[in-house]
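Enquirer: this one's structure only:
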Ligand SMILES: O=C(O)C[C@H](O)C(=O)O
Ligand code: SF4
């Protein structure tokens, strides 16, 4: 097993940087559904460009490299303790090399372990089997989509759908609702794994296991096959679309599993995975630890580079009526008040990262720099320091903004911040503050971490490093950083509009189907 650690390193790097073939096909099919020139089509182009960049640079597709979760099947007699040790070493190395973000945080102190190793991190699920090789599957599922997982306890009442009872039709309603409630916040278009039955924890595990089925896998249970087909057909009519901007592609895959339950309990659990669906696997020689075969790489690999060239030719005549506005901090209130939902803003100059820890901190502390007229970016990047002590950005897409809803408006007013960039949108409290103060919310494309890292020309400095790399305040000099105005200073919110219209569409699925 002397090669096992190297094999695991290869699996981790490949999973973080190279999307599986079935997922690539699903993204390509989604793109084909959208009309050229629409917001959804442009967002999907950014996503596919990002997938290609990550592949070329062997860099993380998304900066949130998730909770490394290993599903391992071992022949009887293989030492699992040694395997765990080798995997942990491989994880540490991949973190040092900037292929994984340090993502393991002490829940009580907030301290980041710095190497992705901690209590319960990574996650291992071992099972013995009668084959003579080891099967290792890895999923890197990020925190934003993890937050959109949902568990239903039947019977229950659902927005738009009414009562969901303890039968196949009740399950159908839960699944439709799960897609609606995720909106674009889990970086749609997404994939869902559904677990029916079990206790609460077994139900969620079953849901996550479904994510290891390939997108084209057909359910052997006829009822569940029908259910999966139904969801794929109908969830895509909710109009949530890529990043929740509206559009045809909302859901790229739905896989459902079932297990027994207790008489008193009836759980339906949904594991939501973003488009950046990073899962791969390998068959490993149990004697040497070498990789014999890769999983999820069957058939043709969609090459998004080649696709982009074809597309550029095909869409050359499509004129877009989107207004583009270039901004450079410090930004004035007048400039902000000119912006309307739908405008594309191109940012040059400085922006400053701030996410959960920073927002909490700024409520009752001074900012480390003057933020008047500045741009805050909800982002936890992957950073590496070179031998000269200079920081370099390895991946830097937006994080889900709604978590900052309790703080955002107050902080913008307190420090004079004019623009906030993130993804998934924010709620009524922030919308009101944008109106009162003269601020704007800009939506970047979630998961497009290489695309945005490329816009960052220099790291000017960092403050509050005690919060760890993802949570520190990074001062970034950018060029051509594009994002869409989705909440303006006139009380308009694309997110509120899409939520409302998708709820109306959801309510059309209240009638019994199964
Ligand atoms: O933690 C991050 O950088 C992003 C997160 O996965 C999110 O989707 O909000
Ligand atoms: S930012 Fe989006 S793409 Fe990245 S892990 Fe979070 S949900 Fe997934």
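Expert: Happy to help now that I have it. Being a predicted model, the structure only gives us computed values, none of them experimental. Ligands and ions are numbered 1, 2, ... in the order given.

Enquirer: tell me the pLDDT at the residue of the stretch 51-200 of the chain found nearest ligand 2?
Expert: With C-beta to the nearest ligand atom as the measure, residue 142 is the residue of the stretch 51-200 of the chain nearest to ligand 2, at 2.0 Å. All C-beta spots, glycine's among them, are computed from the backbone N, C-alpha and C. For residue 142, the pLDDT comes out at 98.

Enquirer: Tally up the residues packed near it, please.
Expert: Other residues near residue 142 come to 27 when the count uses other C-beta atoms under 10 Å.

Enquirer: likewise residue 110?
Expert: Neighbour number of residue 110 under other C-beta under 10 Å is 14.

Enquirer: Test my guess that it contacts residue 357.
Expert: Yes: Residue 110 is within contact range of residue 357, at 6.7 Å (criterion: C-beta atoms under 8 Å).

Enquirer: any residues in contact with both of those two?
Expert: Taking C-beta atoms under 8 Å, 6 or more residues apart in numbering as the criterion, residue 110 and residue 357 both touch 467-468.

Enquirer: Low-confidence regions, the stretch 51-200 of the chain specifically.
Expert: Low-confidence segments of the stretch 51-200 of the chain (pLDDT under 70): none present.

Enquirer: What are the boundaries of the strands in it?
Expert: 67-75, 123-129, 133-141, 150-153, 156-158, 162-164, 190-196 (DSSP state E, counting those that start in this stretch).

Enquirer: Can you say which of these is packed in most?
Expert: Most buried of the strands of the stretch 51-200 of the chain by mean neighbour count (mean count of other C-beta atoms under 10 Å) is strand 190-196; its value is a mean of 26.

Enquirer: Are that one and ligand 2 in contact anywhere?
Expert: No: figure legend: strand 190-196 not in contact with ligand 2 (C-beta under 6 Å from any ligand atom); closest approach 8.2 Å.

Enquirer: Could you check the angle that strand makes with strand 133-141?
Expert: Angle of strand 190-196 versus strand 133-141, following axes from the mean of the first three to the mean of the last three C-alpha atoms, to 10 degrees, is 110 degrees.

Enquirer: Up against ligand 2, what does this protein have?
Expert: So the chain meets ligand 2 at 62, 64, 142, 144-145, 186-187, 274, 276, 397, 446-447 (C-beta under 6 Å from any ligand atom).

Enquirer: make it 5 Å
Expert: Residues of the chain lying near ligand 2 by C-beta under 5 Å from any ligand atom: 62, 64, 142, 144-145, 187, 274, 276, 446-447.

Enquirer: I'd like to know which of these is nearest to residue 202.
Expert: For those, the residue nearest residue 202 by C-beta to C-beta is residue 145; the value is 20.9 Å.

Enquirer: Now for the closest one: which residues touch it?
Expert: The neighbours of residue 145, taking C-beta under 8 Å, 6+ apart as the test, are 182, 186-187, 190, 272-274.

Enquirer: Nearest residue to it in space, please, no chain neighbours.
Expert: In space, and not counting its chain neighbours, residue 145 is closest to residue 186: 3.7 Å by C-beta to C-beta, 6 or more residues apart in numbering.

Enquirer: Surely that neighbour is in contact with residue 143?
Expert: No: using C-beta under 8 Å, residue 186 makes no contact with residue 143, being 10.0 Å away.

Enquirer: quick one, which of the two is more surrounded?
Expert: Taking other C-beta under 10 Å, residue 186 and residue 143 do not tie; residue 186 has more neighbours (29 against 17).

Enquirer: tell me the secondary structure for the closest residue to residue 335 other than its chain neighbours?
Expert: Distances taken as C-beta to C-beta, 6+ apart put residue 327 closest to residue 335, at 6.5 Å, once the chain neighbours are dropped. Three-state call for residue 327 (DSSP: H, G, I helix; E, B strand; the rest coil): strand.

Enquirer: What of residue 372?
Expert: Residue 372, by the three-state scheme (three-state DSSP), is coil.

Enquirer: For it, the count of nearby residues, please.
Expert: Counted with other C-beta under 10 Å, residue 372 comes out at 13.

Enquirer: cool, and residue 401?
Expert: Other residues within reach of residue 401, judged by other C-beta under 10 Å, total 28.

Enquirer: hang on, isn't it packed against residue 431?
Expert: No: using C-beta under 8 Å, residue 401 makes no contact with residue 431, being 11.9 Å away.

Enquirer: who's in contact with the residue nearest to residue 71 when sequence neighbours are not counted?
Expert: Spatially, and ignoring its direct neighbours in sequence, residue 71 is nearest to residue 137 (4.4 Å; C-beta to C-beta, 6+ apart). Counting by C-beta under 8 Å, 6+ apart, residue 137 makes contact with 70-72, 212, 279-281, 295.

Enquirer: same question, residue 255
Expert: When contacts are counted by C-beta under 8 Å, 6+ apart, residue 255 touches 191-194, 210-211, 213, 217, 219, 228.

Enquirer: where does the stretch 1-150 of the chain come near ligand 1, residue by residue?
Expert: Neighbours of ligand 1 within the stretch 1-150 of the chain, by C-beta under 5 Å from any ligand atom: 63-64, 142-144.

Enquirer: Reformat the strands of the stretch 51-200 of the chain as JSON lines; add distance to residue 332.
Expert: Formatted as JSON lines, the strands of the stretch 51-200 of the chain follow (distance: least, C-beta to C-beta, whole Å):
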{"stretch": "strand 67-75", "distance to residue 332": "42"}
{"stretch": "strand 123-129", "distance to residue 332": "48"}
{"stretch": "strand 133-141", "distance to residue 332": "41"}
{"stretch": "strand 150-153", "distance to residue 332": "42"}
{"stretch": "strand 156-158", "distance to residue 332": "45"}
{"stretch": "strand 162-164", "distance to residue 332": "49"}
{"stretch": "strand 190-196", "distance to residue 332": "38"}
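
Enquirer: Tell me the gap between the lengthiest strand in the chain and the middle of its chain.
Expert: Secondary structure of the chain per DSSP state E: the longest strand is strand 473-487. From the chain centre to the centre of strand 473-487 is a distance of 18 Å (C-alpha atoms, centre = their mean, to the nearest Å).

Enquirer: count of neighbours near residue 336?
Expert: Neighbours of residue 336 under the rule other C-beta under 10 Å: 20.

Enquirer: tell me the SS of it?
Expert: Criterion first, three-state DSSP; result for residue 336: helix.

Enquirer: Would you confirm that it contacts residue 439?
Expert: Yes: using C-beta under 8 Å, residue 336 and residue 439 qualify as a contacting pair, with a distance of 6.2 Å.

Enquirer: list residues touching both of those two?
Expert: Taking C-beta under 8 Å, 6+ apart as the contact rule, residue 336 and residue 439 both touch 418-419, 489.

Enquirer: what's the closest residue in space to residue 244 that isn't next to it in sequence sitting at in phi/psi?
Expert: Excluding the flanking residues, the one nearest residue 244 by C-beta to C-beta, 6+ apart is residue 184, at 2.0 Å. Reported as degrees, to the nearest 10, the phi and psi values for residue 184 are phi -100, psi 10.
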